[in-house]
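In: Got a predicted structure here, sequence first:
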Amino acid sequence: MSAWAEDHSRRLLDPLGRRWRHARAVADTAHQLAVGLTPADADVLVAAAYLHDIGYAPELAITGFHPLDGARHLRGLGYERLAGLVAHHTQGRHEAELRGLQEALAEFDDEDSLVSAALAYCDLTTGPSGERMTPEQRLLDVEARYGEDSPVTKGLRAAWPDLMHSVGQVAELRTHPTEFVVAQPR
């Protein structure tokens with residue numbers, strides 16, 4: 001599945017330049033984290049990392065809320081678990097509420113698992129052009145690009161406590177990778 005996801009994401013995001021570089025770097029981090037997951041979860045994590053921003057592709061951007069647009073596309077292709085991970089990546093429900101799209105987003109399962117926490121970690125430690133950064137640097141970058149009053153920034157700030165929990169959980173597990181497999185969903 002992750003090989004298909006890489007090809008599909010490349011086709012949709014490569015024309016957007018840095019958006020593809022970001023997705024590819026998020027997937028590179030996911031590959032590193034995947035070592036400690038079950039094979040099935042590892043493949044899903046890497047696939048979701050490649051696909052998490054496909055909703056930015058012009059041919060998919062219907063609502064203007066990329067997690068929802070990407071999730072709807074993946075559901076249409078029959079990838080329900082990936083659709084849920086993309087829909088809810090990096091605690092997207094907060095931004096969805098600000099956009100009045102919470103009901104539409106609720107159509108997708110939020111698995112609230114170690115895989116979703118790892119996806120948030122990968123996204124929050126990767127800058128817009130694929131560079132490594134801390135979550136705090138990423139928040140400041142988002143605010144600089146979108147403005148402090150945008151739903152993107154406000155949603156990220158509202159999600160921050162949950163996101164920092166996910167980042168801390170994954171960072172701890174990175175230091176003890178054998179615990180990845182036995183860790184339970186939150």
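Out: Great, that's in hand. The structure displayed is predicted, hence computed values, not measured ones. Numbering: from 1, shown residues only.
In: what bits of the protein have low per-residue confidence?
Out: Under the criterion pLDDT under 70, the flagged ranges of the chain are 176-186.
In: Could you pull out the helices in it for me?
Out: When secondary structure is read from DSSP state H, the chain shows helices at 2-13, 18-34, 39-51, 66-76, 80-87, 93-99, 102-105, 114-124, 135-146, 151-175.
In: dump the residue contacts of the closest residue to residue 130 other than its chain neighbours.
Out: Of all residues not flanking residue 130 in the chain, residue 25 sits nearest, at 3.4 Å (C-beta to C-beta, 6 or more residues apart in numbering). For glycine as for every other residue, the C-beta is placed from the backbone atoms N, C-alpha and C. Shown here is residue 25, whose contacts under the criterion C-beta atoms under 8 Å, 6 or more residues apart in numbering are 126, 130, 131, 132.
In: follow-up on the earlier one: redo the helices of the chain as CSV? Include distance to residue 59.
Out: CSV is the format used below for the helices of the chain (distance: least, C-beta to C-beta, whole Å):
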stretch, distance to residue 59
helix 2-13, 7
helix 18-34, 14
helix 39-51, 15
helix 66-76, 9
helix 80-87, 16
helix 93-99, 21
helix 102-105, 19
helix 114-124, 22
helix 135-146, 22
helix 151-175, 21
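In: Please name whichever of those helices is nearest to residue 58.
Out: Checking the helices of the chain against residue 58 by C-beta to C-beta gives helix 2-13 as the closest, at 9.0 Å.
In: Keep only those of the contacts of residue 25 that are in strands.
Out: Judged by DSSP state E, the subset of the contacts of residue 25 located in strands is empty.
In: With neighbour count as extra columns, can I get these in CSV?
Out: Listed next are the contacts of residue 25 as CSV, based on neighbours: other C-beta atoms under 10 Å:
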residue, neighbour count
126, 24
130, 16
131, 14
132, 11
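In: Rebuild these as TSV, extending it with distance to residue 4.
Out: Compiled in TSV, the contacts of residue 25 are given as follows (distance: C-beta to C-beta, whole Å):
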residue	distance to residue 4
126	21
130	21
131	27
132	26
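In: before we move on, the earlier item: which of the helices of the chain is buried the deepest?
Out: For the helices of the chain, ranked by mean neighbour count under the definition mean count of other C-beta atoms under 10 Å, the leader is helix 114-124 at a mean of 25.
In: That helix versus helix 151-175: what angle between them?
Out: Our comparison of helix 114-124 with helix 151-175, counting by axes from the mean of the first three to the mean of the last three C-alpha atoms, to 10 degrees, yields an angle of 110 degrees.
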